[in-house]
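# have a look at this prediction, sequence included:
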Amino acid sequence: MKPDLDLDSLIQRIREEAARPEYQAIGMPTPATHGADAFVSRAPAGAGHGGAGHRGGASAMPVAASVDELLMAGTDEAFVDQAYRTLLHRAPDTAGRDAMLALLRSGHRRTYVLHVMQGSDEARKVGANLPGMGRLPTVYRAAGKVGRGPLRPIAKAMDRAYSAWRHVRIAVNGVGLRRLNTALRDQDQSLAGIDSTAQAMRGDVKDLRGDLEHLRVDLQTLRDEAQRHHENLASLNTQVADQGQRLAPLPQLAEEYRRELDLLRARINMLHRRTLPVLAAGAPANGQPLAAAPRQDDLPARIDAYYVSFEDAHRGSEEDIRTKLEGYIDHLARIPEAALHKPVVDIGCGRGEWLRLLSENGFTGIGVDLNPDMVARCRTQGLIAHHADALAWLSAQEDESCAAISAFHIVEHLPFEVLFPLVEQAWRVLAPGGVLIMETPNPENVLVGSHTFYHDFSHRNPVTPTSLQFLVGYHGFAVSELLRLSPYPPEARVAENSLAAERINGHFCGPQDYAVIAVKPVAPALHEQPADGPENDATGATA
């Protein structure tokens, strides 16, 4: 005798099978895979819904194809949601969803909930029609009639029996098993694809391991080469250091040779000047050279020749001096346009570096120098130069006749009795807005003030920046700028980061020269008196 069929157990097993993950691949989502928000209506209860729009929505749960598919939903929540979308073509609203779940929890079967939803006014309006309904409406209409009064238990039994019959039919027809087989086949195909991908990845990993091994070999080769280059670099650094030690004395030797060469040049010039009178007088009859005794009256000429050689030896090359002087051109650009056509006078023009620079920049330069050799040297270059005393020459010029006056390394040669009237005359001769430039050794540098200043025998005394600024200001000039120039090279400085080293470098390695840039102020314009001034006042007294 066969055991009785336990319908409740069978239905529960079918539900468990339907809730398994394999069914997710065939469009049976459950609340476990969707959040609770998926079962909340997006529109107020009773609002109209378009079936087509909800069937194709990206976020909507797929509709069921038949009643049997609806009955196999994994959970009651999933069943209610899919029933709403299948029969009413919309997501369940909160109130309707809660009402349908309440029916299920009170003991009613899913077939009864389908009957209730299909019989609603909304279902009739949207034309709900789902294949597989069969006798479901008839059974529940009959149960409804029977369920009034004392026969209500019979109606509940009919609900349970009909629901059980539908699930048994689903089981007998093998719908669940077919879907399970389909899901298994899909899983097999997915696993095959995964296995193929894994096999390809194994090949890629193998290739990567081979590439990594090659990279390791290349890296080791690069390390070996880097080590060799490092050793070669260390060897080169050692050789450079050795060469540096051997070459270190060369600058000092070159400086010594240059000084010796300058001294020889000066001696040759001196000998040349001494022999000129002898050559002019001729040799005696016995062929012996004449011993020309030096004459005192040509001593100034001999000293002038000495200073030409001294300047060539110690002032620097003409290109070096030109480079230092180029910065002063910018100061001349500030001269008012009305005075630009007037000449620029260079007191102590020397070899003419500044005069050439003025000419190249469109200025008319006039040089004044006491040394006739220097003047001749300027004239051979086509420059304007006068052999004259600077103070006397300036005194002979007209008022406001010059655009600028420069005096490079002249101040230190002059006694104050000459320097004072020289600045006074410069004020008179300069046009309003004209520029006075005076450059001189800087005694703020201890080495300059105590040593290098006295290389030149004609130097009288250093002049401090404070005293020279006061002098030009006293005569009415406005000092526009004080330039400190030509510091000692960095290698001469004390290479130490301390306050003591900073002070030593400041006093001993600072600027060797300075320059005062002064401007003759432009007088304010005189304004005409208004027409209603005192002289035109009808009530005022007349002269």
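That came through, no problem. Numbers count the residues shown, from 1 in each chain.

# now do the helix or strand hosting Asp224: which elements does it pack against?
According to DSSP states H and E, Asp224 maps onto helix 175-247. If you count contacts as 3 or more C-beta pairs under 8 Å, 6 or more residues apart in numbering; DSSP states H and E, helix 175-247 packs onto helix 7-18. Yep, even glycine has a C-beta here, placed from its N, CA and C like the rest.

# tell me how the protein divides into domains.
Following automatic domain parsing, the chain resolves into domains at 7-173, 316-519.

# dump the ones you listed into JSON lines; add mean pLDDT, mean neighbour count and distance to Ala200 as well.
Output for those, formatted as JSON lines (pLDDT from 0 to 100; neighbours: other C-beta atoms under 10 Å; distance: least, C-beta to C-beta, whole Å):
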{"stretch": "domain 7-173", "mean pLDDT": "70", "mean neighbour count": "16", "distance to Ala200": "24"}
{"stretch": "domain 316-519", "mean pLDDT": "91", "mean neighbour count": "17", "distance to Ala200": "65"}
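
# nearest to Leu212, of those domains?
For Leu212, the closest of the domains of the chain is domain 7-173, at 38.8 Å, according to C-beta to C-beta.

# quick one, what contacts Trp393?
By C-beta atoms under 8 Å, 6 or more residues apart in numbering, Trp393 lies in contact with 368, 386.

# let me fix that: Leu482
Neighbours of Leu482 in contact, by C-beta under 8 Å, 6+ apart: 465, 469, 514-517.

# could you confirm it falls within a strand?
Yes - per DSSP: H, G, I helix; E, B strand; the rest coil, Leu482 lies within a strand segment.

# please begin residue numbering at 20 from this point
Sure, I'll start counting at 20 from here, so that last one is Leu501.

# partner residues bridging it?
Residues in a beta bridge with Leu501, per DSSP bridges, are Val535.

# and the domains of the chain as CSV, adding distance to Leu238?
What follows is those, written out as CSV (distance: least, C-beta to C-beta, whole Å):
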stretch, distance to Leu238
domain 26-192, 48
domain 335-538, 42
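
# the strands in the stretch 270-419 of the chain, which residues?
363-366, 384-388, 403-406 (DSSP state E, counting those that start in this stretch).

# reformat these into JSON lines and put distance to Arg522 next to each item.
Below are those laid out as JSON lines (distance: least, C-beta to C-beta, whole Å):
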{"stretch": "strand 363-366", "distance to Arg522": "36"}
{"stretch": "strand 384-388", "distance to Arg522": "40"}
{"stretch": "strand 403-406", "distance to Arg522": "44"}
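
# longest strand in the chain, please.
strand 449-460 (DSSP state E).

# show me what that one is packed against.
helix 348-351, strand 421-427, helix 484-493, strand 530-538.

# pull the CA atoms of the very next helix or strand once past it into PDB?
On the C-terminal side of strand 449-460, the nearest following helix or strand under DSSP H and E is helix 465-469. Extracted in PDB, the C-alpha atoms of helix 465-469 (Å, rounded to 0.1, in the frame of the first residue of the first chain):
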ATOM      1  CA  VAL A 465      89.500  97.400   3.800                       C
ATOM      2  CA  LEU A 466      91.800  95.900   1.200                       C
ATOM      3  CA  VAL A 467      91.000  98.800  -1.200                       C
ATOM      4  CA  GLY A 468      91.400 101.500   1.400                       C
ATOM      5  CA  SER A 469      94.600 100.200   2.800                       C
END
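
# what packs against helix 465-469?
Here helix 465-469 touches helix 518-527, going by 3+ C-beta pairs under 8 Å, 6+ apart.
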